[in-house]
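Visitor: return atomic coordinates for the entry below.
(2 chains)
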Amino acid sequence: MNIFKISSKNLVRNKLTTILNIILVAFGVSILSILFLASTQISNKLEKNAKDIDLVVGAKGSPLQLILSSVYHIDYPTGNIPAKDAYKLMQNPMVKRAVPLALGDNYNGYRIVGTDSTFSNLYGLSIQKGSFWHKDLEVTLGSTVALTSGLKIGGFFFGAHGLTGNGDVHKQHAYRVKGILKPQGNITDNLILTNIGSVYKMHEEKHVEGHSHVAAEEAKEINDKQITALLIQYKSPMSVILFPRMVNQSTNMQAASPAMESARLFSLIGVGIDTLQWFAIFIMGIAALSIFISLYNAMKERKYDLAIMRCLGASKSKLFFLVMFEGVLVTFIGACLGLLIGHVALEVIGAYQESSQAKLTGLTAILQEVYLIWIGLFIGALASLIPAMQIYKVDIAETLTKNR
Amino acid sequence: MIKISSLAHVYEKGRRLKFPDWEIADVEQWLLLGASGSGKSTLLNIISGLLEPSQGEVLINGTNLYTLPARGRDRFRGRHIGIIFQRPHLIRSLDVLDNLALAAVMAGLPVDHKRNLSLLHDLGIAELVKNYPDQLSQGQLQRVSVARALVNKPDLLIADEPTSSLDDENANQVIQLLTTQAKDNGAALIIATHDRRVRYHITKTYLL
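Guide: Numbers count the residues shown, from 1 in each chain, chains lettered A, B, ... in the order given. I've put the predicted structure just below:
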């Protein structure tokens, strides 16, 4: 028997009010925690994947689409660029490192990326098993791909045309798994890496066998040797201004900066996040008000209980603490429940998410969530302060002499 | 031993009550009689440390009640004085046994469940241990509140109109219980009442 037991017994006695208050707090906290978690995870992912990439050069179109397709591997590419022009850019003195990308195929939704060894240098990739690709049609799998597809070293698989779905399978050539990457914690976990030649070969073969008009057009693409995009790292920060302008004005390609585009993306979804945040804060406010009202109303009845406890020897400060504790207990339970709901909800959202590249997870925690618990405790204390102050006003003798 | 001397209380409205000096020896049983409005409840509140008198002093076992700080007075009351009210007030969210345990906890004493159970047994309500106050009758509630007043082995038991809401049978039983339990637990007893039924049991009277 202690203050904790007295408070919790009293809360259990007023089940409905207690549950309502807990739900209100939990609802507000869970929305806030989902927002915190999702936005940190997204921005972490965006940052991590765009790390060391200063500029992306690709076909003209939406710069955001170019970034999404070739850095985050979410959207479709804007088109192709002539390999000749791309290689010319790679030789530019301002460029420290340039990584060519040839996209177009997938395996079970995992993108097959044709590139060269500069790609592994750019992302700092290391091998877990086997080796990097050397020849045409050899691939190295990202760790997640290896895990979910069950492909082993030495195994074969067929790529499918397009970036999603298994509709149009390139049956002519099978890829051979040469190695598996260590988990990198970035986009490369979800990619299948090969050389550019393999990607050309896939589509060349199709042309030989092919009979449709589309295949003929594709063949032309390949004869002219095209690639999808070029990831560029500058030699010096000075190039930030000069290089993109040079690309955009003097070539038929466009240059887009991942930093700028993801900032733009965030400012677009930021409005939604802000709105939800205010909504959650509003709910927390309602929760505080509800706790205040229920405690305050209960004080009329509890005055007798508290007067008895005074008679039994409890000091005013002890009872003040008792009432405060009740409010704080409700918000504490609500806050913990809210965090739990937030994490579970995010994990469920992550499970239903289609794009494996930007998957959200509820299994990580961030520092801000500790603040949420503190905010919960603060709200509880705030809401029960005025009801608890009544303790100091109650005249025990009078309260107990009067009939209920 | 309880001793009050030159006690007087002035209400805010200006009404002044003066109380004759009173000395109660250990384990003595007294009736506090007086017409309603004569200040019975006021005197009881003063003796139990709930209401600071304007003048005079209350000594219980040599402790001057109103020289203690407020917190110390609360604690002293919890440990040395058991109070039974006209209407039995129990904490409704706690069962009978927890209501008894509460008395010890609030006074800062360890909970002695064995003693509490034997108290309930002596009062003939041992089977109600797990019941909640809402499930008890008035007579049963009054017994539980007697038990609660005895939990901390008080030196003084104060009952304010303990029988006024009870029928003859229950009233008789409660008075019996109070007098025998006070004696068994070594506590002095003060019963404030205007109930005739009580007068047959106790001879010493203090009139207001």
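Visitor: okay, CA-based contacts and neighbour counts for the rest of this
Guide: OK.
Visitor: could you point out which element follows the lengthiest helix in chain B?
Guide: Counting residues, the longest helix found in chain B (DSSP state H) is helix B:168-184. Past helix B:168-184, further along toward the C-terminus, the next helix or strand under DSSP states H and E is strand B:188-193.
Visitor: which of the residues in the next helix or strand after that following strand are buried?
Guide: The element immediately downstream of strand B:188-193 (helix or strand, assigned by DSSP H and E) is helix B:196-199. Neighbour-count burial for helix B:196-199, with 16 or more other Cα atoms under 10 Å in any protein chain shown as criterion, is recorded at B:198-199.
Visitor: which residues are contacting the longest helix of chain B?
Guide: B:27, B:29, B:123, B:139, B:142-143, B:146, B:157, B:162-164, B:188-189, B:197-198, B:201 (Cα atoms under 8 Å, 6 or more residues apart in numbering or on different chains).
Visitor: same deal with stretch A:127-134?
Guide: By Cα under 8 Å, 6+ apart, stretch A:127-134 touches A:139-140, A:153, A:178-182, A:193-195.
Visitor: just send these back as a markdown table, with secondary structure and pLDDT too.
Guide: Listed next are the contacts of stretch A:127-134 as a markdown table, based on DSSP: H, G, I helix; E, B strand; the rest coil; pLDDT from 0 to 100:
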| residue | secondary structure | pLDDT |
| --- | --- | --- |
| A:139 | strand | 92 |
| A:140 | strand | 92 |
| A:153 | coil | 89 |
| A:178 | strand | 90 |
| A:179 | strand | 91 |
| A:180 | strand | 92 |
| A:181 | strand | 91 |
| A:182 | coil | 90 |
| A:193 | strand | 92 |
| A:194 | strand | 91 |
| A:195 | strand | 90 |
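Visitor: so which of those residues comes closest to chain B?
Guide: The closest of the contacts of stretch A:127-134 to chain B turns out to be residue A:182 (Cα to the nearest Cα; 59.0 Å).
Visitor: what sits against the closest residue to chain A within chain B?
Guide: Going by Cα to the nearest Cα, chain A is nearest to residue B:78 of chain B, at 3.8 Å. Residue B:78 makes contacts with A:311-314, B:103-104, B:106-107, B:152, as judged by Cα under 8 Å, 6+ apart.
Visitor: if we use 10 Å, what do you get?
Guide: Residue B:78 is in contact with A:309-315, B:48, B:72, B:103-109, B:149, B:151-152, B:154, counting by Cα atoms under 10 Å, 6 or more residues apart in numbering or on different chains.
Visitor: so residue 111: helix, strand or coil?
Guide: No chain specified, so I'll use chain A. strand (DSSP: H, G, I helix; E, B strand; the rest coil).
Visitor: actually chain B
Guide: coil.
Visitor: could you verify my assumption that it touches residue B:99?
Guide: No. Residue B:111 lies out of contact with residue B:99 (Cα atoms under 10 Å); the separation is 11.1 Å.
Visitor: pick out whichever of these two has more residues nearby.
Guide: Taking neighbours as other Cα atoms under 10 Å in any protein chain shown, residue B:111 and residue B:99 compare with residue B:99 leading, 24 against 18.
Visitor: right, and the more buried one touches residue B:91 too?
Guide: Yes. Between residue B:99 and residue B:91 there is a contact at 6.5 Å, judged by Cα under 10 Å.
Visitor: quick check: neighbours shared by these two?
Guide: Common neighbours of residue B:99 and residue B:91 (criterion: Cα under 10 Å, 6+ apart): A:6, B:132-133.
Visitor: lowest-confidence entry in those residues?
Guide: Within the shared contacts of residue B:99 and residue B:91, residue A:6 has the lowest pLDDT, namely 87.
Visitor: what ranges does chain A have for its helices?
Guide: Counting by DSSP H, the helices of chain A are A:3-13, A:15-50, A:63-70, A:83-90, A:117-123, A:143-149, A:196-209, A:213-223, A:239-250, A:258-311, A:316-352, A:368-389, A:396-401.
Visitor: any idea which of these scores lowest on pLDDT?
Guide: Lowest mean pLDDT within those: helix A:213-223, at a mean of 47.
Visitor: columns neighbour count and distance to residue A:352 on top of the shared contacts of residue B:99 and residue B:91, output as CSV?
Guide: Formatted as CSV, the shared contacts of residue B:99 and residue B:91 follow (neighbours: other Cα atoms under 10 Å in any protein chain shown; distance: Cα to Cα, whole Å):
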residue, neighbour count, distance to residue A:352
A:6, 19, 44
B:132, 19, 49
B:133, 22, 52
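Visitor: of those residues, which is the nearest to residue A:47?
Guide: Residue A:47 has its nearest neighbour among the shared contacts of residue B:99 and residue B:91 in residue A:6, at 50.3 Å by Cα to Cα.
Visitor: list the contacts for the closest one?
Guide: A:12, A:322, A:326, B:91, B:93-94, B:98-99, B:102.
Visitor: now do residue B:159
Guide: Residue B:159 sits in contact with B:31-32, B:44, B:82-86, B:146, B:149, B:175, B:178, B:189-193, where contact means Cα under 10 Å, 6+ apart.
Visitor: chain center to the lowest-mean-pLDDT helix or strand in chain B: distance?
Guide: Least confident helix or strand, chain B: helix B:196-199 with a mean of 82, by mean pLDDT, DSSP states H and E. Chain-centre distance of helix B:196-199: 17 Å, with Cα atoms, centre = their mean, to the nearest Å.
Visitor: where exactly do the strands run in chain B?
Guide: B:2-10, B:16-19, B:22-24, B:29-33, B:55-60, B:63-64, B:81-84, B:156-160, B:188-193, B:204-207 (DSSP state E).
Visitor: chain center to the longest one: distance?
Guide: Averaging C-alpha coordinates over strand B:2-10 and over its chain gives two centres that are 18 Å apart (Cα atoms, centre = their mean).
Visitor: mind listing the strands that strand pairs with, and their directions?
Guide: strand B:16-19 (antiparallel), strand B:22-24 (antiparallel), strand B:55-60 (antiparallel) (DSSP bridges).
Visitor: okay, the angle between the longest one and strand B:156-160?
Guide: Taking axes from the mean of the first three to the mean of the last three Cα atoms, to 10 degrees, one finds strand B:55-60 and strand B:156-160 inclined to each other by 120 degrees.
Visitor: mind naming the longest strand for chain A?
Guide: Chain A, longest strand under DSSP E: strand A:95-107.
Visitor: for the closest residue to chain B within the stretch 301-404 of chain A, give me its contacts.
Guide: Nearest residue of the stretch 301-404 of chain A to chain B: residue A:313, at 3.8 Å (Cα to the nearest Cα). Residues near residue A:313 by Cα under 10 Å, 6+ apart: A:307, B:71-81, B:103-108.
Visitor: and for residue A:83?
Guide: A:89, A:100, A:102, A:222, A:224-230.
Visitor: and the gap between the closest residue to it other than its chain neighbours and residue B:34?
Guide: In this structure, residue A:83 finds its nearest non-sequential neighbour in residue A:226, 4.6 Å apart by Cα to Cα, 6 or more residues apart in numbering or on different chains. For residue A:226, the distance to residue B:34 equals 111 Å [Cα to Cα, to the nearest Å].
Visitor: give the bridge partners for the residue nearest to residue A:83, please.
Guide: residue A:82.
Visitor: and for residue A:23, the neighbour number?
Guide: Residues contacting residue A:23 under the criterion other Cα under 10 Å number 20.
Visitor: equivalent analysis for residue A:279, please.
Guide: When neighbours are defined as other Cα under 10 Å, residue A:279 has 15 of them.
Visitor: so residue A:339 sits against residue A:366, correct?
Guide: No. Using Cα under 10 Å as the test, residue A:339 is too far from residue A:366 to be in contact (11.0 Å).
Visitor: what about the two, which has more around it?
Guide: Between residue A:339 and residue A:366, counted using other Cα under 10 Å, the more crowded position is residue A:339 (27 against 12).
Visitor: now that one: closest residue in space that isn't a chain neighbour?
Guide: Distance criterion Cα to Cα, 6+ apart; nearest residue to residue A:339, sequence neighbours excluded, is residue A:30 at 5.3 Å.
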